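Trainee: need a structure here:
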Amino acid sequence: MRINAFSDVCLRVVMLLAASPEGALMTSRAISDAIATPYNHVSKAIIRLRELGLVEVARGRSGGVQISGEGRRATIGRLLRQLDTRVDLAACETPDGPCPLLDGCGVRGALRRAREAFYTELDGVVIANQPHHQPATRVFY
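Mentor: The predicted structure is shown next:
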């Protein structure tokens, strides 16, 4: 199973914020630098993480991003499940339309179950509990 690039960025943002001191605010630019990811990708990830309630954002000159209480309790499985927008892992399409084997095929169901097993295994892994080092970036208070 492979996670997409956006899910990877979101996971790294939450892990970085979880490693920051309690109550510390980090700018999106500082987060971008710390996880070596383009600023625009980090900004989009922060927007989505805020929608999910995993981060809190304070706007303005002394603003920034911090992990929320919900973000501290979030599991990797839950986060990846919420970010996964794919209906099916297999496209089941040919250049001429639907796959001719679609009616009797069990691959789609098996792939769906495998994806859920992947997420279920990660449901027991709390993001904030993962071993990490304090971020080597400038943190704004």
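
Trainee: hey, which helix or strand in the protein has the poorest pLDDT?
Mentor: Using mean pLDDT, DSSP states H and E, the weakest-scoring helix or strand in the chain turns out to be strand 93-94, at a mean of 74.

Trainee: ok, residues contacting the helix or strand just after that one?
Mentor: Following strand 93-94 in sequence order, the next helix or strand is strand 97-98 (DSSP states H and E). If you take C-beta atoms under 8 Å, 6 or more residues apart in numbering as the criterion, strand 97-98 is touched by Cys92. C-betas here are computed from N, CA, C, even on glycine.

Trainee: strand partners of strand 97-98, parallel vs antiparallel please.
Mentor: Here strand 97-98 has these sheet partners by DSSP bridges: strand 93-94 (antiparallel).

Trainee: any idea of the pLDDT on the closest residue to Cys92 other than its chain neighbours?
Mentor: In this structure, Cys92 finds its nearest non-sequential neighbour in Cys99, 4.7 Å apart by C-beta to C-beta, 6 or more residues apart in numbering. Note on Cys99: pLDDT of 77.
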